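K.L.:
give me a 3D structure for the following:
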Amino acid sequence: MDGRIEQARRGDRDALGLLVREHYPRVYRFCARRLGDDWAEDAAQETFVTMQRSLKRYQERSSFETWLLGIAHNHCRNLSRKRRMDPSQLDAWMEQQAQTVEDPIFDRESLRCALAKLSEEHREVVMLHEVEGLKYGEIGEILGIPEGTVKSRLHHAFMNLRRLLCDDRA
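P.N.:
Just a heads-up that it's a prediction; the model follows:
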């Protein structure tokens, strides 16, 4: 186990501060992609408050970062439901993608609409895999589902996206 985690568990505030500083940028970006910049800071702060309260229960079944992103995922989901907003919040990510792709096959709006039509379960796995770059096992840990279920959801999500995008082009 990372020595800082063990020190933070014992109440070492410096070790806790180091963990927060090290992981805050990733957690903030994770939240911003789901909630937008306006609410990402709230979600990130709540994530670290929960981390501090739950650190003694961290069992190392997954990496610390995966465990932390699972907490962030739950806070984002709760904030999204509370504020009755679109959980996908893909605009910032799509803007970034538009800047890196010179000749996109599908326009940004078509992709946004297609992703919005996916079920929440399918949209979640697409975001975690394609946007966050997480592996199947990490996604399973965050969502609390088996790795095989992640693969199945991702497969069906991509099939649905392909169908939706091809129907739009016809």
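K.L.:
switch to C-alpha atoms for all contacts and neighbour counts from now on
P.N.:
Will do.
K.L.:
burial count for the residue nearest to His129 when sequence neighbours are not counted?
P.N.:
Among residues not flanking His129 along the chain, Lys135 sits closest, at 6.5 Å (C-alpha to C-alpha, 6 or more residues apart in numbering). Using other C-alpha atoms under 10 Å, Lys135 has 13 neighbouring residues.
K.L.:
after the helix or strand encompassing His23, next one along is what?
P.N.:
With elements taken from DSSP states H and E, the one containing His23 is helix 13-35. Using DSSP H and E, the helix or strand that directly follows helix 13-35 along the chain is helix 37-54.
K.L.:
which residues outside that next one are in contact with it?
P.N.:
16, 20, 24, 27-29, 31-32, 34, 68, 71-72, 75-76, 79 (C-alpha atoms under 8 Å, 6 or more residues apart in numbering).
K.L.:
can you list the domains in the protein?
P.N.:
1-85, 88-170 (automatic domain parsing).
K.L.:
could these go into TSV alongside mean pLDDT?
P.N.:
Below are the domains of the chain laid out as TSV (pLDDT from 0 to 100):
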stretch	mean pLDDT
domain 1-85	89
domain 88-170	80
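K.L.:
quick check: Pro146 vs Glu124, distance?
P.N.:
Relative to Glu124, Pro146 is positioned 15 Å away (C-alpha to C-alpha, to the nearest Å).
K.L.:
any idea how far Leu143 is from Glu120?
P.N.:
Here the criterion is C-alpha to C-alpha. By it, Leu143 lies 12 Å from Glu120.
K.L.:
which one's more surrounded, Pro146 and Glu124?
P.N.:
Glu124 (23 against 13).
K.L.:
so what's the residue count around the nearest residue to Tyr24 once chain neighbours are set aside?
P.N.:
Using C-alpha to C-alpha, 6+ apart and skipping residues adjacent in sequence, the residue nearest Tyr24 is Ala44, 7.2 Å away. For Ala44, the count of nearby residues is 27 (other C-alpha under 10 Å).
K.L.:
and the helices in the protein?
P.N.:
3-9, 13-35, 37-54, 64-82, 91-100, 108-117, 120-126, 136-143, 147-169 (DSSP state H).
K.L.:
could you verify my assumption that Arg4 touches Val20?
P.N.:
No - Arg4 is beyond contact range of Val20, at 10.7 Å (criterion: C-alpha atoms under 8 Å).
K.L.:
report the set of residues contacting both of the two.
P.N.:
By C-alpha under 8 Å, 6+ apart, no residue touches both Arg4 and Val20.
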